[in-house]
Each structure stands twice: as structure tokens, then as C-alpha cells.
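Engineer: Quick one, what's the 3D model for this:
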Amino acid sequence: MKPWQMILTGILGLALGSMVYILDRPVGIFSVFGNGVEGIGFGSVGDWLPDALHPFGMALISAGFAGGRAASLRFWAVFWGIAGLIMETGQYYGERAASLVPESWSNIPVLDLVIPYFVHGTFDPMDIMGIVLGSASAWLLSISCKKQQN
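Structural biologist: Numbers count the residues shown, from 1 in each chain. From the prediction side, this is the model:
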């Protein structure tokens, strides 16, 4: 896979995950259609699909910008998988996890949202499965990329 193909595939994966939030999720911060769009139902797959597509897409984008090597994709697959697992596990522990976040993060855009995410987020074991599946899929894709590079 060429670097630009990795980046494009990653963006498409993230776009699909975003569409699940926008079109299929009930009222929430990302929903613009109330209880979702009639007829567009991802069913139970929609519960964990965004969690799988996030590490998958981010690994591809990161590896693409890093030059597109298979080893880079493996690194980023593990990195984004671990990041996703930390964030999901933080929701399980809520206030305890939030107390571990450095106070200095409250002044940094994006990082300032970690504490509310831990405290108000909803832990779901299926999200853990999705994160592992997405990270493993990116890792497995790196095998195909390595064969193409040789």
C-alpha cells in the first residue's frame, strides 16, 4: 500500500465510524437526527464499529504520514490500540482514572476533555472488543503491505 492509499483508507474508515455516530446513535453530542435516521440501522454492529474503525483508521493515517512502511503500520496499530484501551478503561474507573490525569492537561485543547470523558463516559466491554479488532486488523494489513514492499 502506498502512503497516500493508507491515508485515504484511514480517512474513509474514520468517516464511516463518524457516520455511525451521526446517523445511527440516539440523541447525544454527535447526533443531529434525534434518534437516528429511519431505515439506517447498523444494529448491534453500530455499538462497537466506531471503536474498531478509530484505531484502524488512525494507524493507517499515522503510518501513511510516517512513510507507509509495514513496520510503521504495526507500530501505529499497537499505539492506537493501547490509546483506545486506556481511554475505554478510564471510563470504567471514572473518578479514579480522572484523578490520575495531570492538572496541566486542563489548559491543553483536546486533552482538557479527558477528565469529562472518563467521568461521564459509558464503559462497554464490546468497545474493548472493537478496539482490539480494529488494532489487530491494521496489524494484519501490515503483513500484506510487507509482502508488497518485498
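
Engineer: contacting residues for the residue most central in space within the chain?
Structural biologist: Among the residues of the chain, the one closest to the centroid is residue 54, at 2.1 Å (CA atoms, centre = their mean). For residue 54, the contact set (CB atoms under 8 Å, 6 or more residues apart in numbering) comprises 14, 17, 80, 84, 131, 134. Just so you know, the C-beta spots here come from the backbone N, C-alpha and C atoms, and that holds for glycine as well.

Engineer: One more pass at 7 Å, please.
Structural biologist: 14, 17, 84, 134 (CB atoms under 7 Å, 6 or more residues apart in numbering).

Engineer: element containing the last one, please.
Structural biologist: The one in question is residue 134. Secondary structure from DSSP states H and E places residue 134 in helix 125-149.

Engineer: now do the first one
Structural biologist: Here residue 14, judged by DSSP H and E, is contained in helix 3-24.

Engineer: what inclination does that helix have with respect to helix 125-149?
Structural biologist: When axes from the mean of the first three to the mean of the last three CA atoms, to 10 degrees is applied, the directions of helix 3-24 and helix 125-149 differ by 160 degrees.

Engineer: so for the next helix or strand after helix 3-24, what's the average pLDDT?
Structural biologist: Using DSSP H and E, the helix or strand that follows helix 3-24 in sequence is helix 45-65. Helix 45-65 shows a mean pLDDT of 94 in the predicted model.

Engineer: Show me what counts as buried in helix 45-65.
Structural biologist: 46-64 (16 or more other CB atoms under 10 Å).

Engineer: got it, and stretch 67-82?
Structural biologist: Those would be 68, 70, 72, 73, 74, 75, 76, 77, 78, 79, 80, 81, for stretch 67-82 by 16+ other CB under 10 Å.

Engineer: between those, which is closest to residue 113?
Structural biologist: residue 80 (17.5 Å; CB to CB).

Engineer: just checking, that closest one touches residue 60?
Structural biologist: No. Assessed by CB atoms under 7 Å, residue 80 is found out of contact with residue 60, at 9.5 Å.

Engineer: now the protein, which segments are flagged as low pLDDT?
Structural biologist: Across the chain, the ranges flagged by pLDDT under 70 are 25-41, 146, 149-150.
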